[in-house]
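[1] please find the sequence and the predicted model below.
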Amino acid sequence: MARIVAVSVSEKKGMRKTNVCEAWLEVEHGINGDAHAGDGHRQVSLLAKESIEKMQALGLDVRAGDFAENLTTEGLELPVLPVGAQLLAGDGVTLEVTQIGKTCHERCAIYYQAGDCVMPKEGIFARVLSGGRVAPGDEITILFK
């Protein structure tokens with residue numbers, strides 16, 4: 001079973017996110033209270049715990065939220081999902097994958113510490129099709145690819 005291991009938000013863009021005990025996602029908006037919420041196709045970001053563990057294996061002291069991801073998952077190969085795939089999480093939240101990876105125009109602190117960063121290659125972005133509550137421990141499943 002794949003699950004959400006952390007839910008993270010920040011008030012400002014360009015900073016690590018803080019883990020929270022739950023979050024509410026709004027249709028076509030994203031997570032309430034998160035700086036990245038709003039119109040557009042990158043309303044929610046996801047990164048696998050397994051990706052974070054790759055950076056920890058390089059000796060970095062990083063954890064969920066440090067890559068500015070909103071949802072940290074476990075047991076789901078996020079980067080292989082195609083754009084258009086849909087995920088079901090938490091209290092009936094449906095997410096549609098809109099982007100795999102991203103271009104980092106400015107190198108972050110993680111890149112300078114490790115010489116690499118997983119978010120540009122292994123993070124994914126989604127828009128909210130149906131809203132609701134998500135929390136650590138919630139199951140996350142692929143509705144269809």
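    Good, I have the coordinates. All values derive from a computational prediction rather than experimental measurement.
[2] CA only for contacts and neighbour counts going forward, please
    Fine.
[3] and the nearest residue to Glu28 once chain neighbours are set aside, helix, strand or coil?
    Take Glu28 and drop its neighbours on the chain: the residue closest to it by C-alpha to C-alpha, 6 or more residues apart in numbering is Val128, 5.1 Å away. Secondary structure assignment for Val128 (DSSP: H, G, I helix; E, B strand; the rest coil): strand.
[4] do Thr73 as well
    strand.
[5] can you report how many residues neighbour it?
    When neighbours are defined as other C-alpha atoms under 10 Å, Thr73 has 26 of them.
[6] please apply the same query to the one 4 residues further on.
    As a burial measure, the neighbour count of Glu77 was computed by other C-alpha under 10 Å and equals 14.
[7] list the buried ones in the longest helix along the chain?
    For the chain, the helix that runs over the most residues, judged by DSSP state H, is helix 49-57. If you call a residue buried by 16 or more other C-alpha atoms under 10 Å, then helix 49-57 has these buried ones: Lys49, Glu50, Ser51, Ile52, Met55.
[8] what's the answer for stretch 37-47, then?
    Here stretch 37-47 shows Ala37, Gly38, His41, Arg42, Gln43, Val44, Ser45, Leu46, Leu47 as buried, counting by 16+ other C-alpha under 10 Å.
[9] show me where this structure has strands.
    3-9, 18-20, 23-26, 30-31, 44-48, 71-74, 86-89, 93-100, 124-130, 132-134, 140-144 (DSSP state E).
[10] select, out of the ones you listed, the one closest to Asp61.
    Nearest to Asp61 among these is strand 18-20 (15.2 Å), distances taken as C-alpha to C-alpha.
[11] ok, back up a step: looking at the buried residues of helix 49-57, which is nearest Lys121?
    For those, the nearest to Lys121 is Ser51 (9.7 Å; C-alpha to C-alpha).
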